[in-house]
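Engineer: Fold the following, please.
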Amino acid sequence: MQFDKWFNSQSTLIKAILLLLPFVGWVCECLVRLSVALRTKSVLHIVVFALFLFVGWGWFLGVIDFVYLLLKGHLILAD
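Structural biologist: Numbering: from 1, shown residues only. Predicted coordinates for the structure are as follows:
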């Protein structure tokens, strides 16, 4: 699964639009974090994936990720 590489290869505008869409943003974040967790097998990435899976549907974590994406070009702890 290399969804994170596909997501990161998109322009910042496309990534921002995908994150702003209500349900699509949460699904994209979960897929990116799952892809990173499976690729790296890091405990930190697995914990972050679980956090976003259960708590990430709220707007707070999505807003933080959106701002970080605009500043750095990728999601928090998903590089």
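
Engineer: Measure how buried residue 31 is and give me the count.
Structural biologist: Neighbourhood size, residue 31 [other Cβ atoms under 10 Å]: 16. (Glycine included, C-beta is placed from N, CA and C.)

Engineer: got the contact list for it?
Structural biologist: If a contact means Cβ atoms under 8 Å, 6 or more residues apart in numbering, then residue 31 has 3-4, 7 as its contacts.

Engineer: same thing but at 10 Å, please
Structural biologist: When the contact criterion is Cβ atoms under 10 Å, 6 or more residues apart in numbering, the partners of residue 31 are 1, 3-4, 6-7, 49.

Engineer: Can you pick out the most distant pair from those residues?
Structural biologist: 6 and 49 (17.0 Å; Cβ to Cβ).

Engineer: before we move on, the earlier item: let me have the contacts of residue 31 in JSON lines, extended by distance to residue 79.
Structural biologist: JSON lines is the format used below for the contacts of residue 31 (distance: Cβ to Cβ, whole Å):
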{"residue": "1", "distance to residue 79": "16"}
{"residue": "3", "distance to residue 79": "14"}
{"residue": "4", "distance to residue 79": "9"}
{"residue": "6", "distance to residue 79": "14"}
{"residue": "7", "distance to residue 79": "11"}
{"residue": "49", "distance to residue 79": "14"}
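
Engineer: Quick one, which of those residues are buried?
Structural biologist: A residue is treated as buried here by neighbour count (16 or more other Cβ atoms under 10 Å); on that basis the buried members of the contacts of residue 31 are 3-4, 7, 49.

Engineer: Save the residues you listed as TSV, and put in distance to residue 61 too.
Structural biologist: Formatted as TSV, the entries for the buried ones among the contacts of residue 31 read as follows, by distance: Cβ to Cβ, whole Å:
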residue	distance to residue 61
3	18
4	17
7	17
49	12
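
Engineer: can you list those in TSV and add pLDDT and distance to residue 68?
Structural biologist: As requested, these are exported to TSV (pLDDT from 0 to 100; distance: Cβ to Cβ, whole Å):
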residue	pLDDT	distance to residue 68
3	90	18
4	86	15
7	92	14
49	88	16
